[in-house]
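A.B. asks: only geometry, no sequence info:
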Ligand code: 9MR
């Protein structure tokens, strides 16, 4: 199978910021420098130069050269780059390239909501659907969900939240990191110098039913998930009270595609876990401080959930989700919760300022160890870096020397990602090896960009911003497949992501994923049967196909779109850069 990858000159198909870095990659047989020309929409040559030979790119196996046209800064639409007889896809040079991406990436969450009718007037008639999983036949949940046999003697009302990804499951660890990242995008606008001063995330900035309620819409959207997370807590008086059930999903995998309201299977609560409990504690603590100005009662509910969950996790520090519990839903297993303990202590400390949490976080090996992994700073399973980023950015009473050390650890990680990015001919901040291309690789890449962006917020050193801006090119077309991984963005963009809701490829009566949906991205381990057969022996950056059947390379997921939303919000704030 040889994919049609189009013109061999690879650009950010959306465009470039006028004052930002402008790089492209040329796939070529040539080993000597090549002349290149930048052309306006009218075909006039507006800039020209020589490319830089880069040899064989490890991740793609391609012989490549790079073009740097950063010094050209004139805004316009329909530019093309010409080299080696090939003309790139067209792109813009503009300071407001990413304004809409911020809203698009955040809007995805409304379309994923469970337990509420999706209003076509808000996001388009093709996305309208009745509420899913409210106990209305043929649905059997989620208003009264029993545990798996033998796990507990009660049932819980765990309605609401977001469907995790292309499936109908809801998982506390992943819901937690996704809600965290939306809240963080919001909190960033209160602490970083942002171009728009946070107005872009205010009330009535998203198309959600809560618009106009005087609460920033991004908080409304996050709350939809937080309310679900709170419901997953084991009630007082029951065994493991205060812990959180790890997940709730169907007894067996549901069909593909299948609208949520048509799911007839029984739903089940799976056992509590320490990891889920700590994710709940972390996000609930964050909720408490961010909702305080808008809804004191809700903030207090979050505060109670956070403290009881944290105490329950300390009492039961090693209750792990079963790695084999993957029937009907993902396992999301994790047997190292040192990082979750750290993150939860950090959020509780940031919210309450209490010494007990400061002592816990200071004593954690995660506070001083190397928590910023090369291939992905953080993920649903690995949240030590989240704790570090929070301590570096959210105002707090950490002793000055320690705070400086935490901040230096963020910039040191950013320096590492920057060096990696400059060594990659496709300009992305992960090493050119198969290990970088895992399930959901795009989210790992973005989370490294989040570290770069945070380093910029902390230092105002333009090299970090340029790194985050340049790595965006990879996501939007400057890659081996010449493909934008964001639906509706770029000439050639992913639109057949694995999803039971957005099942257009299999059922034309269903929509494609909404504009702003991020695909998981290349996965060299080829962990679904469709690509295992189709893409056998692919070079890592080629291990992706825009087909609904490939859940291991091409799914949508809340934790991936939350990363995109955070990044897009940062990018939109940079203006002309
Ligand atoms: O994102 C998860 C990835 O890190 C794991 O390797 C993979 C296999 O366990 O699962 C991914 O999460 C999926 C979850 O298990 C079920 N819902 C869809 C998620 C995205 O594919």
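C.D. replies: Ah, there it is. Computed from a predicted structure; not experimentally measured.

A.B. asks: Wasn't residue 54 part of a strand?
C.D. replies: Yes - the assignment for residue 54 by DSSP: H, G, I helix; E, B strand; the rest coil puts it in a strand.

A.B. asks: Check what pLDDT the spatially closest residue to it that is not a sequence neighbour gets.
C.D. replies: Of all residues beyond its chain neighbours, the one nearest residue 54 is residue 425 (4.1 Å), with distances taken as CB to CB, 6 or more residues apart in numbering. Backbone N, C-alpha and C define where each C-beta goes, glycine included. According to the prediction, residue 425 has pLDDT 98.

A.B. asks: avg pLDDT for the one helix or strand residue 277 maps to?
C.D. replies: For residue 277, the element it lies in under DSSP states H and E is helix 274-291. Average pLDDT, helix 274-291: 99.

A.B. asks: Equivalent analysis for stretch 82-101, please.
C.D. replies: The average pLDDT within stretch 82-101 is 97.

A.B. asks: Buried residues in that stretch, which are they?
C.D. replies: By 16 or more other CB atoms under 10 Å, the buried positions in stretch 82-101 come out as 82-84, 86, 88-95, 97-101.

A.B. asks: now, which of these lie within helices?
C.D. replies: Members of the buried residues of stretch 82-101 lying in helices (criterion: DSSP state H): 99-101.

A.B. asks: Return the member of those residues nearest to the ligand.
C.D. replies: residue 101 (21.6 Å; CB to the nearest ligand atom).

A.B. asks: Leaving out chain neighbours, which residue sits closest to that closest one?
C.D. replies: Nearest residue to residue 101, sequence neighbours excluded (CB to CB, 6+ apart): residue 568, at 4.1 Å.

A.B. asks: Who are the packing partners of whatever helix or strand the one you found lives in?
C.D. replies: In the assignment (DSSP H and E), residue 568 maps to helix 558-573. Packing partners of helix 558-573 (3 or more CB pairs under 8 Å, 6 or more residues apart in numbering; DSSP states H and E): helix 99-111, helix 172-191, helix 441-459, helix 462-475.

A.B. asks: What's the first helix or strand after the first one?
C.D. replies: Following helix 99-111 in sequence order, the next helix or strand is helix 120-123 (DSSP H and E).

A.B. asks: Give me the distance between the residue nearest to residue 238 when sequence neighbours are not counted and residue 248.
C.D. replies: Among residues not flanking residue 238 along the chain, residue 154 sits closest, at 6.2 Å (CB to CB, 6+ apart). As defined by CB to CB, to the nearest Å, residue 154 lies at a distance of 13 Å from residue 248.

A.B. asks: ditto for residue 283
C.D. replies: For residue 283 relative to residue 248 (CB to CB), the value is 17 Å.

A.B. asks: okay, those two: which has more neighbours?
C.D. replies: Neighbours were counted for residue 283 and for residue 248 using other CB atoms under 10 Å; residue 283 has more, 31 against 26.

A.B. asks: list the contacts for that one?
C.D. replies: 176, 179-180, 183, 226, 229, 347 (CB atoms under 8 Å, 6 or more residues apart in numbering).

A.B. asks: Which of those residues sits closest to the ligand?
C.D. replies: Nearest to the ligand out of those is residue 176 (CB to the nearest ligand atom; 13.4 Å).

A.B. asks: count of neighbours near the closest one?
C.D. replies: 32.

A.B. asks: So it sits against residue 280, correct?
C.D. replies: Yes - here residue 176 reaches residue 280: they are 6.3 Å apart, a contact under CB atoms under 8 Å.

A.B. asks: shouldn't residue 507 be in contact with residue 255?
C.D. replies: No - assessed by CB under 8 Å, residue 507 is found out of contact with residue 255, at 10.5 Å.

A.B. asks: For residue 319, which non-adjacent residue is closest in space?
C.D. replies: residue 274 (4.8 Å).

A.B. asks: Just list the residues touching that neighbour, thanks.
C.D. replies: Contacts of residue 274 by CB under 8 Å, 6+ apart are 243, 313, 316-320, 337, 340.

A.B. asks: Take the residues you listed and lay them out in a markdown table including pLDDT and secondary structure.
C.D. replies: Shown next, in a markdown table, are the contacts of residue 274 (pLDDT from 0 to 100; DSSP: H, G, I helix; E, B strand; the rest coil):
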| residue | pLDDT | secondary structure |
| --- | --- | --- |
| 243 | 98 | coil |
| 313 | 99 | helix |
| 316 | 98 | coil |
| 317 | 98 | coil |
| 318 | 98 | coil |
| 319 | 98 | coil |
| 320 | 98 | coil |
| 337 | 98 | coil |
| 340 | 99 | helix |
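
A.B. asks: Sheet partners, orientation included, of the longest strand anywhere in the chain?
C.D. replies: Longest strand of the chain, by residue count under DSSP state E: strand 76-83. Sheet pairing of strand 76-83 (DSSP bridges) gives strand 35-39 (antiparallel), strand 86-87 (antiparallel), strand 91-93 (antiparallel).

A.B. asks: buried residues in it?
C.D. replies: 76, 79-83.

A.B. asks: Please apply the same query to stretch 211-219.
C.D. replies: 215-219.

A.B. asks: ok, how many other residues are close to whatever residue of the stretch 201-350 of the chain ends up closest to the ligand?
C.D. replies: Proximity of the stretch 201-350 of the chain to the ligand (CB to the nearest ligand atom) peaks at residue 330, 1.6 Å away. Neighbour count for residue 330, taken as other CB under 10 Å: 20.

A.B. asks: wait, it sits on residue 168?
C.D. replies: No - applying CB under 8 Å, one finds residue 330 not in contact with residue 168, separated by 11.5 Å.

A.B. asks: give the contact list for residue 323.
C.D. replies: 331, 333, 335.

A.B. asks: Report the secondary structure element holding it.
C.D. replies: Using DSSP H and E, residue 323 sits within no helix or strand.

A.B. asks: Give me the angle between the helix holding residue 277 and helix 172-191.
C.D. replies: Relative orientation of helix 274-291 versus helix 172-191 (axes from the mean of the first three to the mean of the last three CA atoms, to 10 degrees): 30 degrees.

A.B. asks: Contact partners for residue 146?
C.D. replies: Residue 146 sits in contact with 152, 154-155, 268-269, where contact means CB under 8 Å, 6+ apart.

A.B. asks: just residue 65 next, same as before
C.D. replies: 25-26, 28, 30, 33-34, 51-54, 83, 425.

A.B. asks: ok, 7 Å please
C.D. replies: 26, 28, 34, 51-54 (CB atoms under 7 Å, 6 or more residues apart in numbering).

A.B. asks: So for residue 226, what's the nearest residue that isn't a sequence neighbour?
C.D. replies: Using CB to CB, 6+ apart, the closest residue to residue 226 is residue 287 (5.2 Å).

A.B. asks: Hmm, the one you found is touching residue 227, no?
C.D. replies: No - counting by CB atoms under 7 Å, residue 287 does not reach residue 227; the two are 9.8 Å apart.

A.B. asks: Give me the more crowded residue out of these two.
C.D. replies: Ranked by neighbour count (other CB under 10 Å), residue 287 and residue 227 place residue 287 first, with 31 against 18.

A.B. asks: What distance do you get for the more buried one to residue 218?
C.D. replies: Noted for residue 287: a distance of 13 Å to residue 218, by CB to CB.

A.B. asks: before we move on, what about residue 573?
C.D. replies: Taking CB to CB as the measure, residue 573 falls 14 Å from residue 218.

A.B. asks: can you check residue 271 too?
C.D. replies: Distance, residue 271 to residue 218, using CB to CB: 32 Å.
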